[in-house]
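A.B. asks: Prediction below, plus the sequence it came from.
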Amino acid sequence: MEPELIQILELLAALVMAVVAFRQNRQKNRAEQDAQEAQIGMHLASALQGQAEQESTGIVSFFDPQDDRVTTPPDSVPSRSWKMSDETKRWVTFGHKPDEQASLLKQIAEAEESRKIQYFLSLPGCYYEIEYGLLKGGGKG
């Protein structure tokens, strides 16, 4: 064979090897980057899971009647679970004089602003027990 042809073949072989090495290096770098992103994702998922578990513990504790560690509802608890509906407010104030109705509505507003889940409304001669925004009981006297 001619020496020039051998040189061309050697250059061609070197070029093929360089292309193969370049592709392998690019695949290796991409795999390392994917591994780093996966590890970051795992750390983020772990942190979010811890936060969710902590939040769910507070919610469960809030709704557990035997657990008094959480007495104010966490922000993630919808207000409908501790606020009184308009229908219940109408029921509680029905049949009372206007000044008594105003007093009851004021007591309800103060309790809801304090995010109380259990409280009493009182008027001269009667009382109402409220729990989670619902009328639980009441009496006269």
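C.D. replies: The structure has been received and is ready for your questions.
A.B. asks: Near A111, how many other residues are there?
C.D. replies: Taking other C-beta atoms under 10 Å as the criterion, the count of residues near A111 is 20. From N, CA and C alone the C-beta is placed, and that goes for glycine too.
A.B. asks: which residues does the residue nearest to it when sequence neighbours are not counted contact?
C.D. replies: Nearest residue to A111, sequence neighbours excluded (C-beta to C-beta, 6 or more residues apart in numbering): Y119, at 4.5 Å. Y119 sits next to Q107, A111, I130 when contact means C-beta atoms under 8 Å, 6 or more residues apart in numbering.
A.B. asks: for the residues you listed, which one is nearest G50?
C.D. replies: A111 (33.1 Å; C-beta to C-beta).
A.B. asks: Using the three-state scheme, assign I130.
C.D. replies: Following DSSP: H, G, I helix; E, B strand; the rest coil, the label given to I130 is strand.
A.B. asks: For the residue nearest to A111, pull up the helix or strand it's in.
C.D. replies: strand 118-123 (DSSP states H and E).
A.B. asks: swap in A38?
C.D. replies: Assigned by DSSP H and E, A38 falls within helix 3-63.
A.B. asks: Could you check the angle the helix or strand just after that helix makes with strand 118-123?
C.D. replies: Later in the chain than helix 3-63, the nearest helix or strand by DSSP H and E is helix 86-93. Interaxial angle of helix 86-93 relative to strand 118-123 (axes from the mean of the first three to the mean of the last three C-alpha atoms, to 10 degrees): 40 degrees.
A.B. asks: Quick one: low-confidence residue ranges for the protein.
C.D. replies: Low-confidence segments of the chain, defined by pLDDT under 70: 71, 76, 78-81.
A.B. asks: Please parse it into its domains.
C.D. replies: According to automatic domain parsing, the chain comprises the domains 1-77, 79-140.
A.B. asks: Quick one: distance of the last one to the chain centre.
C.D. replies: The reference is to domain 79-140. 29 Å (C-alpha atoms, centre = their mean, to the nearest Å).
A.B. asks: before we move on, what about stretch 20-29?
C.D. replies: 43 Å.
A.B. asks: What is the burial count for T93?
C.D. replies: That count, for T93 with other C-beta under 10 Å as the rule, works out to 19.
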